[in-house]
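In: Fold the following.
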Amino acid sequence: MNLKAYDIKEVTVNDKFWSYEQKLVRDKVLPYQWDILNDRVPEATPSYCMHNFIAAGKLNKRRDELGKKFIEPKFTYRGFEALPEDPKNPKDDEFYGFVFQDSDFSKWIEAVGYTLATHPDAELEKIADEAIDIVCDAQLPNGYLDTYYIINGMDRSFTDLRDHHELYCLGHLIEGAVSYYKGTGKDKLLKAASRFADYVDSVFGPEEGKLKGYPGHEIAEMALFKLYETTGEERYKKLAEYFIDERGAKPLYFDMEHPTPKGQPYKIDFYHQAHIPVREQDEAVGHAVRAVYLYSGMADMARISGDEKLLSACEKLWDSITNEKMYITGGIGATHMGESFSFPYDLPNDTAYAETCASIGLVFFARRMLQLKADRRYSDVMELALYNGILSGMSLDGKSFFYVNPLEVLPEACHKDERKFHVKPVRQKWFGCACCPPNLARLISSIGTYAYTKSDDTLYVHLYMGSKLSINGTDVEIESTFPESGKVTVRTKSSSKEPVTIAFRIPGWCNDTYTVTGTDKLETSVKDGYMYVSGITDNDITFDFEMKPAIVTADPRVREDAGRYAVIRGPVVYCMEEKDNGKNLRSLNIDTDSAIREEITDEFGLPVTVLYAEGYRNIPKPGDIFISSLYQKFTGFETNPQTIRLIPYRLWANRGEGEMSVFI
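Out: This is a model prediction of the structure:
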């Protein structure tokens, strides 16, 4: 199956929930992040992103003025993260920040492109055009565009593919350029990204004299496929295929690039998903973000080329993630050691990494798998990640962020226990490594492109959100009350009177308990969790999916959750916070037999369903001291009844610092 995704301008999102999030991005997030990229927020960690582009542009101007007299800078290694001695006064001819700092602009401009496509804004477009001018001024005549090497010296370019992210920066530049081109029709950045891709194509490939390497941090693969589908240039597809095919081939490139003691190379390649050829991989390993970015590119290649072995690998890797290595929030990457996947069923709550970017990458992977096959095992997970482990990454005001999304937090441990320093009890204004905030902006601003796919005669509905779109002359309008209730109304009006088919996802969380009206005279069938309704012209169809709280347990092999329970309502995962339930959340127990009560509150600035469950605290009765006062002989419990209040996980840490727990 080769289903098409909708372009950003083909879907109008007017959903209460997602329109709120998109307006937040337009009004707050994009201006705030632009100030951040220009180091204009004193309380936030400096970015230096635009500083570096400006510095590279000045260097290019001197190169043009001096001609042959210009002395090319020789590479000066400044460390993985180069910071100025005086952060308030960086030198105007030096590079600062991480080696991948350029990508922060690319993700920001991608979000801007999606925003302008749906909500034209002359002032924002003017700012973006000026920013693009700055970025393009930094590009070398041969097309190369990475400020780390332009400023520090090109003599070491592409000599450290494993760690130095040049191809990662290319990938994000392409994605930003394509978005801006589709959103505005302007191609200056697209031409710059294409020239960089052309230069990379001249350096890498199977031909004699070319480098036989591949990205250390993947994303170039899926970006090059996007560039191919935008421009029609075959060489971009071939370059993406080369990177995927070459990965894991012997001799292992990173081992040759970075000779290390015996035994270490395999660990390095394992971390980079380069330990074996991609078609042989069946377990998600290594850095979680890199992994799902690679798998997304693999899925693109399987769809475009029809490669069945690659599709089989994608399916096995999907199952590895979702059946063995995914948190109930849609978070992936259990350990802070390398921001990586751990072994199967190792999902600690209080040291969870679950990087925001990793869940976003899981959504990228899911959407691409849905283009290969409409199966709710992909769309259920996509929805789970979106409503939980992704939106938790941003505060309600859009000006502070989580990099790490734990499922249990004790603030004192975050401050005093080195093993948990990566876990923050409150969101941060920014990060030196700031991949997550602009990643959130680009995903939220393009959310409509994830909700639907289409074939020649069928519309596939994967996410329920208020929106308008069309399929073969039939206008489709969807009204949705997700995630507060499961009612969805779909109105269709055909100008051609040619009937179409709509495949509606039946969410797994409703346990196939739902009502549907308006299909009496239409042909229906169910396959892979989708109801196919055929013969649609001018129709009103209404679904009401049962959305009531459910108590969920983890697989017994998840040791950290043994004897503990989570509460989910529809696609929304809930958690306890200290503010509602007092300290020592670990002592709380839920009565699994009692009914859970629902209540709508506006305390978060928008209507939100909170839950109340009956429970109790078990406090050990005083007993005889055993060796020291720290331990006592057990004599029983004092059981104190308590009503447990639960809020959506995405909203935790918006009311101050305190304990939090998903599992009870």
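In: C-alpha only now, for contacts and for neighbours.
Out: OK.
In: Against which helices or strands is the helix or strand containing Ile244 packed?
Out: According to DSSP states H and E, Ile244 maps onto helix 234-246. Here helix 234-246 touches helix 188-203, helix 220-231, helix 288-305, going by 3 or more C-alpha pairs under 8 Å, 6 or more residues apart in numbering; DSSP states H and E.
In: Tell me which residues of the first one come out buried.
Out: Going back to what we said before, that points to helix 188-203. 188-198, 200-201 (16 or more other C-alpha atoms under 10 Å).
In: what's the answer for the last one, then?
Out: Across helix 288-305, burial judged by 16+ other C-alpha under 10 Å covers 288-303.
In: same for it, what does it pack against?
Out: helix 220-231, helix 234-246, helix 308-324, helix 356-372.
In: Centre of the chain to it, how far?
Out: 14 Å (C-alpha atoms, centre = their mean, to the nearest Å).
In: List the contacts of that helix.
Out: Contact with helix 288-305 is made by 1-2, 217-219, 221-223, 225, 241, 244, 272-273, 284-285, 307-308, 310-311, 314, 317, 332-333, 339-341, 355, 357-358, 361-362, 364-365, 368-369, 371-372, as judged by C-alpha atoms under 8 Å, 6 or more residues apart in numbering.
In: Start from the N-terminal end of the stretch 351-500 of the chain and give the strands.
Out: 408-409, 452-454, 458-461, 467-471, 474-480, 487-494, 500-505 (DSSP state E, counting those that start in this stretch).
In: which stretch among those strands comes nearest Trp652?
Out: strand 408-409 (10.5 Å; C-alpha to C-alpha).
In: Now do that closest one: everything it contacts.
Out: With C-alpha under 8 Å, 6+ apart, strand 408-409 has contacts from Asn349, Asp350, Val423, Pro425, Gly658, Glu659, Met660, Ser661, Val662, Phe663.
In: what's the spacing between Ser312 and Asp282?
Out: 9 Å (C-alpha to C-alpha, to the nearest Å).
In: okay, now Glu280: neighbour count?
Out: Neighbour count of Glu280, defined by other C-alpha atoms under 10 Å: 14.
In: so it touches Cys314, yeah?
Out: No - checked against C-alpha atoms under 8 Å, the pair Glu280 and Cys314 is beyond contact range at 10.2 Å.
In: Mind listing the shared neighbours of these two?
Out: Common neighbours of Glu280 and Cys314 (C-alpha under 8 Å, 6+ apart) do not exist.
In: before we move on, what SS does Met531 have?
Out: Three-state call for Met531 (DSSP: H, G, I helix; E, B strand; the rest coil): strand.
In: what residues are up against it?
Out: Contacts of Met531 (C-alpha under 8 Å, 6+ apart): Ala503, Phe504, Arg505, Ile506, Thr524, Ser525.
In: With adjacent residues omitted, what lies nearest to the third one?
Out: Here the nearest residue to Arg505 in space, its sequence neighbours aside, is Tyr530; by C-alpha to C-alpha, 6 or more residues apart in numbering that works out to 4.3 Å.
In: what does the fifth one give?
Out: Leaving aside its sequence neighbours, Thr524 sits nearest to Val533 (C-alpha to C-alpha, 6+ apart; 4.6 Å).
In: Also the first one?
Out: Using C-alpha to C-alpha, 6+ apart and skipping the chain neighbours, the partner closest in space to Ala503 is Tyr532 (4.2 Å).
In: again, but for the last one
Out: Nearest residue to Ser525 in three dimensions, chain neighbours excluded: Tyr532, at 5.2 Å (C-alpha to C-alpha, 6+ apart).
In: Would you agree that neighbour is in contact with Ile506?
Out: No - counting by C-alpha under 8 Å, Tyr532 does not reach Ile506; the two are 10.4 Å apart.
In: Which of these two has more residues huddled nearby?
Out: The neighbour comparison of Tyr532 against Ile506 (other C-alpha under 10 Å) goes to Ile506, with 24 against 19.
In: Check the gap between Lys28 and Ala288 for me.
Out: With C-alpha to C-alpha as the criterion, Lys28 and Ala288 are 29 Å apart.
In: Phe75 is in contact with Tyr149, isn't it?
Out: Yes - checked against C-alpha under 8 Å, the pair Phe75 and Tyr149 is within contact range at 7.3 Å.
In: So for the two, which residue has more residues nearby?
Out: The neighbour count for Phe75 versus Tyr149, taken as other C-alpha under 10 Å, is higher for Tyr149 (24 against 16).
In: Would it be right to say that that one lies in a helix?
Out: Yes - using three-state DSSP, the assignment for Tyr149 is a helix.
In: Now do the residue nearest to the spatial centre of the chain, the pLDDT please.
Out: Nearest to the mean C-alpha position of the chain, by C-alpha atoms, centre = their mean, lies Ile360 at 1.1 Å. Ile360 is assigned 97 on the pLDDT scale.
In: Just give the closest residue to it, not the sequence neighbours.
Out: Going by C-alpha to C-alpha, 6+ apart, Ile360 has Ile390 as its nearest residue, at 6.5 Å.
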